[in-house]
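In: Sequence first, predicted coordinates after that:
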Amino acid sequence: MRTVAEIRPHCPTEWAATKAVAAKLGIGSAETVQTWVRKAEADAGRRPGVMSEEAAEIKRLKAENAELHRANEILKAASAFFAAELDRPSKRS
C-alpha cells in the first residue's frame, strides 16, 4: 500500500499506480492490489468502510449465528420426537 502511495505522484491516475505496483509485485490482477489499498485506507480511517477487525468479527458472529440456528433446529426436531414418544400408549402390561 505504501508502494502505491509512493508511485502515485508519478502516474496519471490511482488505477495506473495500482496497475504498476501489481506488475512490479507479479500479481496478475490489479484489482487485488486495489482491494488491499482500500482496506488499508479504511483501517486507517481515510476511507469510509468496515475496518478489517470489524469485518472479521462480523464474519465470526455470522458463523456463530448459523451454528446456533442449526442447533436450534436439531433441538426442535428432538423435542418433537420425544413429545411424540410420550404421547404413544405404553406397550407394557
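Out: Everything's here; your move.

In: ok, C11 - contacts?
Out: Going by CB atoms under 8 Å, 6 or more residues apart in numbering, C11 touches 17, 20. For glycine as for every other residue, the C-beta is placed from the backbone atoms N, C-alpha and C.

In: gap between it and T3?
Out: C11 sits 12 Å away from T3, going by CB to CB, to the nearest Å.

In: same check, this time on D87
Out: If you measure D87 against T3 using CB to CB, the figure is 70 Å.

In: out of those two, which sits in the busier spot?
Out: T3 (15 against 7; other CB atoms under 10 Å).

In: and the more buried one, what helix or strand is that in?
Out: In this assignment (DSSP states H and E), T3 forms part of helix 2-7.

In: Go through that helix and flag the buried ones.
Out: Within helix 2-7, the residues that count as buried by 16 or more other CB atoms under 10 Å are 4, 7.

In: by contact count, what packs against it?
Out: Judged by 3 or more CB pairs under 8 Å, 6 or more residues apart in numbering; DSSP states H and E, helix 2-7 is in contact with helix 14-25.

In: Downstream of the helix it packs on, the next helix or strand is which one?
Out: According to DSSP H and E, the helix or strand after helix 14-25 is helix 30-44.

In: Tell me the gap between that following helix and the middle of its chain.
Out: 15 Å (CA atoms, centre = their mean, to the nearest Å).

In: now the angle from it to helix 14-25?
Out: Using axes from the mean of the first three to the mean of the last three CA atoms, to 10 degrees, the direction of helix 30-44 lies 110 degrees away from that of helix 14-25.

In: quick one: contacts for V50?
Out: V50 neighbours (CB under 8 Å, 6+ apart): 42, 58.

In: So it: helix, strand or coil?
Out: Taken by DSSP: H, G, I helix; E, B strand; the rest coil, the conformation at V50 corresponds to coil.
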